[in-house]
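**Q** quick one, what's the 3D model for this:
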Amino acid sequence: MFNRPDEEIIQIELEEITKLTDAIFTKYGYDFSNYAISSFKRRILMVLKKYGLKSVDKLIQKILFEPAFFEQFVLDITVNTTEMFRDPTFYKALKHQVVPVLATKPEFNVWHAACSTGEEVISLAILLDQEGILNKAKIYATDINHVVLQKAASAAFPVRNLDFYHENYAKTEFPGQLSDYYTIENGTMQFDKRLIQNVKFKHHDLARDVHFYKFDLILCRNVMIYFNQELQNRVFELLHNSLFMNGFLCLGAKESLIWCKIADKFETVNSHEKIFRKIKA
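**A** I've put the predicted structure just below:
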């Protein structure tokens with residue numbers, strides 16, 4: 001396909017990406033230096049096109065001198081794809097292989113790392129509620145972006161996704177209907193706020209922040225695929241340190257612990273659904 005005469009192709013060099021990540025880290029403390037280069041480069045190109053910027057230098061100037069634009073840049077550059085009951089078979093495995101263990105505890109802690117707009121936080125809360133243990137859970141939902149955290153805390157999602165979310169829920173074979181948990185308000189699915197009464201929404205950057213609590217269950221799904229190997233190892237170590245002994249770690253369908261440095265500190269609970277358990281300190 002030929003480009004239109006007025007369409008300029010922008011090439012991005014590795015040195016420019018380094019200059020951009022250095023500027024962001026110096027000004028705002030966000031570390032994007034170890035994000036997977038191909039994915040990060042595609043998103044920079046997307047941002048340049050979206051805002052009509054002709055070069056990375058122009059982008060850097062806008063980021064440095066317009067903090068509000070930087071917040072939007074973080075939203076654009078980070079991947080916020082999520083859905084209610086994403087991968088329904090995962091939730092079935094969670095119900096049968098993890099929840100019974102959590103149910104034996106007087107209380108337990110859960111971390112949704114990189115929770116995005118919160119659909120999966122609500123999904124787990126519904127499962128825990130059905131099993132009668134939501135009141136025993138202390139849940140932390142974190143993300144690098146303040147905007148998506150605000151959306152997550154609202155427990156309200158676009159009604160356009162309603163049919164798709166109902167399909168996912170039906171595939172879990174959980175009891176009742178998803179509609180038991182929400183009402184339609186102003187074009188959104190407003191979920192029962194009771195589901196998030198024990199949830200704390202907190203800013204956290206997996207790329208540079210340290211662990212802040214100890215957990216019985218950590219869900220960090222479909223995040224590692226955007227990190228390079230060095231950052232993956234660092235984040236896996238963070239997650240390992242954040243788990244109680246015998247705590248569970250859940251990853252996304254395309255992610256694995258196999259190649260990380262601390263793989264031997266986990267046992268596999270469910271290889272297909274990527275559920276692991278900490279067995280060594």
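
**Q** where exactly do the strands run in the stretch 151-281 of the chain?
**A** Assigned by DSSP state E, counting those that start in this stretch, the stretch 151-281 of the chain shows strands spanning 156-158, 182-185, 188-191, 199-203, 215-219, 243-250, 266-270, 275-278.

**Q** in JSON lines, list those strands along with mean neighbour count, mean pLDDT and distance to Ile37.
**A** In short, each C-beta sits where N, CA and C put it, glycine included. Converted to JSON lines, these look like this (neighbours: other C-beta atoms under 10 Å; pLDDT from 0 to 100; distance: least, C-beta to C-beta, whole Å):
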{"stretch": "strand 156-158", "mean neighbour count": "18", "mean pLDDT": "94", "distance to Ile37": "32"}
{"stretch": "strand 182-185", "mean neighbour count": "13", "mean pLDDT": "95", "distance to Ile37": "40"}
{"stretch": "strand 188-191", "mean neighbour count": "20", "mean pLDDT": "96", "distance to Ile37": "37"}
{"stretch": "strand 199-203", "mean neighbour count": "17", "mean pLDDT": "97", "distance to Ile37": "25"}
{"stretch": "strand 215-219", "mean neighbour count": "24", "mean pLDDT": "98", "distance to Ile37": "26"}
{"stretch": "strand 243-250", "mean neighbour count": "20", "mean pLDDT": "98", "distance to Ile37": "26"}
{"stretch": "strand 266-270", "mean neighbour count": "17", "mean pLDDT": "97", "distance to Ile37": "27"}
{"stretch": "strand 275-278", "mean neighbour count": "22", "mean pLDDT": "98", "distance to Ile37": "27"}
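
**Q** would you turn those into JSON lines with distance to Lys54?
**A** Shown next, in JSON lines, are the strands of the stretch 151-281 of the chain (distance: least, C-beta to C-beta, whole Å):
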{"stretch": "strand 156-158", "distance to Lys54": "33"}
{"stretch": "strand 182-185", "distance to Lys54": "43"}
{"stretch": "strand 188-191", "distance to Lys54": "38"}
{"stretch": "strand 199-203", "distance to Lys54": "32"}
{"stretch": "strand 215-219", "distance to Lys54": "40"}
{"stretch": "strand 243-250", "distance to Lys54": "42"}
{"stretch": "strand 266-270", "distance to Lys54": "47"}
{"stretch": "strand 275-278", "distance to Lys54": "46"}
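
**Q** how close does Val223 sit to Ala137?
**A** Per C-beta to C-beta, to the nearest Å, Val223 is found 21 Å from Ala137.

**Q** hmm, I was thinking of Ile63
**A** 38 Å.

**Q** quick one, what contacts Ser33?
**A** Thr18, Thr21, Asp22, Phe25 (C-beta atoms under 8 Å, 6 or more residues apart in numbering).

**Q** mind running it again at 10 Å?
**A** 17-18, 20-22, 24-25, 40, 207-208, 228, 230-231 (C-beta atoms under 10 Å, 6 or more residues apart in numbering).

**Q** what's the closest of the residues you listed to Gln97?
**A** Of all those, Leu231 has the smallest distance to Gln97: 28.4 Å, by C-beta to C-beta.

**Q** backbone dihedrals for the nearest residue to the closest one once chain neighbours are set aside, please?
**A** Once flanking residues are discounted, Leu231 sits nearest to Asn34: 3.5 Å by C-beta to C-beta, 6 or more residues apart in numbering. When read as degrees, to the nearest 10, the backbone of Asn34 gives phi -110, psi 20.

**Q** ok, back up a step: out of the strands of the stretch 151-281 of the chain, which is closest to Glu71?
**A** Of all the strands of the stretch 151-281 of the chain, strand 199-203 sits nearest to Glu71, with 11.7 Å by C-beta to C-beta.
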